[in-house]
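Engineer: sharing a sequence plus its predicted fold:
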Amino acid sequence: MSDFWSCGRFEFSLKRPLLMGIVNVTPDSFSDGGQHLSAGAAIAHARALIVEGAQIVDLGAESTRPGALPVSVQEELARLLPVIAALRDSGAALSVDTCKPEVMQAALDAGADIINDVTGMRDPQAQRVVARHPSCGVCVMHMQGEPRTMQLNPHYLNVVTEVSAALVAQAQLLEKLGVQRARISLDPGLGFGKTVEQNYQLLKGLATLVHRGYPVVLGASRKSMLGAITGKSVDQRLSGSIAAALAGVARGVAVLRVHDVDATHDALKVWHSVQAAEDFK
């Protein structure tokens, strides 16, 4: 795996996992829809996550939950741009979770450092936006289908090898278009066009993707795959979220995309202390 991830104003060392805190500026996200819809609430929440240890803040202004309906470019930008402007001096990298090329361009012009595309940069116009930019980080996520239909009978012969191959192929396409390899990260897209069993197969097999050499982003936080095992509602999935995060870290994940930064940060501190402890002699 690369030793660093180059993202706009930042060059992150990957010697330890990075924390990407989630800020949903939406009325309908699956975990916290409506809580941070106003710019003021979103900004305050982002600053709190940074204090808790987030090196990256991921701003999303359109829900990508299964069955979500799209919003217009104008509405998405109206939600995003004031938040980007207010957080430019926060000390954290600003990631924008969007699949619209127009939103990507406007967000980068406003100072965003990373484009996080849940559709995996399949749109040629989106590819051109990030290729033209001299330094933005790019997160390429795997999704089978699109948000409204992705959970309708997802099918794979081997989910680990197919997802890994698709992501690497897309990363290589971006490189051919001029995006430097050091700017690209890959996300297996847990919950996006996968069954519960396929999600756990992917989580178990993450080393396959990690070994392809790109930083891997893991977003398991609060997802239904955790509720399916624990029986817990969205707001009661912290323990499961941390377990999934540490399973990812054990397999070499570079970035943890999480709602609960403080608790995950503590878990990582303990994890690193265990790893650093001297063996008994």
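Structural biologist: Ah, there it is. Numbers count the residues shown, from 1 in each chain.
Engineer: so which bits of stretch 201-210 are buried?
Structural biologist: Neighbour-count burial for stretch 201-210, counted by 16 or more other C-beta atoms under 10 Å, picks out 201, 202, 203, 205, 206, 208, 209, 210. C-betas here are computed from N, CA, C, even on glycine.
Engineer: three-state assignment of the first one?
Structural biologist: Under DSSP: H, G, I helix; E, B strand; the rest coil, the three-state class of residue 201 is helix.
Engineer: hmm, back to that, distance to residue 132 for the buried residues of stretch 201-210 - can I get that in a markdown table?
Structural biologist: Listed next are those as a markdown table, based on distance: C-beta to C-beta, whole Å:
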| residue | distance to residue 132 |
| --- | --- |
| 201 | 37 |
| 202 | 32 |
| 203 | 35 |
| 205 | 35 |
| 206 | 31 |
| 208 | 32 |
| 209 | 27 |
| 210 | 29 |
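Engineer: which element is the residue nearest to residue 194 when sequence neighbours are not counted on?
Structural biologist: Leaving aside its sequence neighbours, residue 194 sits nearest to residue 154 (C-beta to C-beta, 6 or more residues apart in numbering; 5.4 Å). Remark: residue 154 resides in no helix or strand, with elements defined by DSSP states H and E.
Engineer: the one 3 residues further on now?
Structural biologist: Element membership for residue 157 (DSSP H and E) is empty, with no helix or strand holding it.
Engineer: so how far is residue 65 from the residue nearest to residue 194?
Structural biologist: Distance, residue 154 to residue 65, by C-beta to C-beta, to the nearest Å: 15 Å.
Engineer: ok, residue 181 next?
Structural biologist: 31 Å.
Engineer: who's more crowded, the two?
Structural biologist: residue 65 (18 against 13; other C-beta atoms under 10 Å).
Engineer: which residue is the nearest non-sequential neighbour of residue 125?
Structural biologist: Residue 125 sits nearest to residue 101 (C-beta to C-beta, 6+ apart), 4.0 Å away.
Engineer: my bad, residue 24
Structural biologist: residue 60 (5.2 Å).
Engineer: report pLDDT for the one you found.
Structural biologist: pLDDT recorded at residue 60 is 94.
Engineer: hmm, it is touching residue 97, no?
Structural biologist: Yes. Using C-beta atoms under 8 Å, residue 60 makes contact with residue 97 at a distance of 3.7 Å.
Engineer: more neighbours, the two?
Structural biologist: Set residue 60 next to residue 97 and count neighbours by other C-beta under 10 Å: residue 97 wins out with 29 against 22.
Engineer: how about the more buried one, phi and psi?
Structural biologist: phi -90, psi 100 (degrees, to the nearest 10).
Engineer: and what of the one 4 residues further on?
Structural biologist: When read as degrees, to the nearest 10, the backbone of residue 101 gives phi -60, psi -40.
Engineer: do the same with the one 5 residues further on
Structural biologist: Dihedral angles phi and psi of residue 106 (degrees, to the nearest 10) take the values phi -70, psi -40.
Engineer: the nearest residue to residue 167 once chain neighbours are set aside and residue 121, how far apart?
Structural biologist: Once flanking residues are discounted, residue 167 sits nearest to residue 186: 4.4 Å by C-beta to C-beta, 6+ apart. Counting by C-beta to C-beta, the separation of residue 186 from residue 121 is 11 Å.
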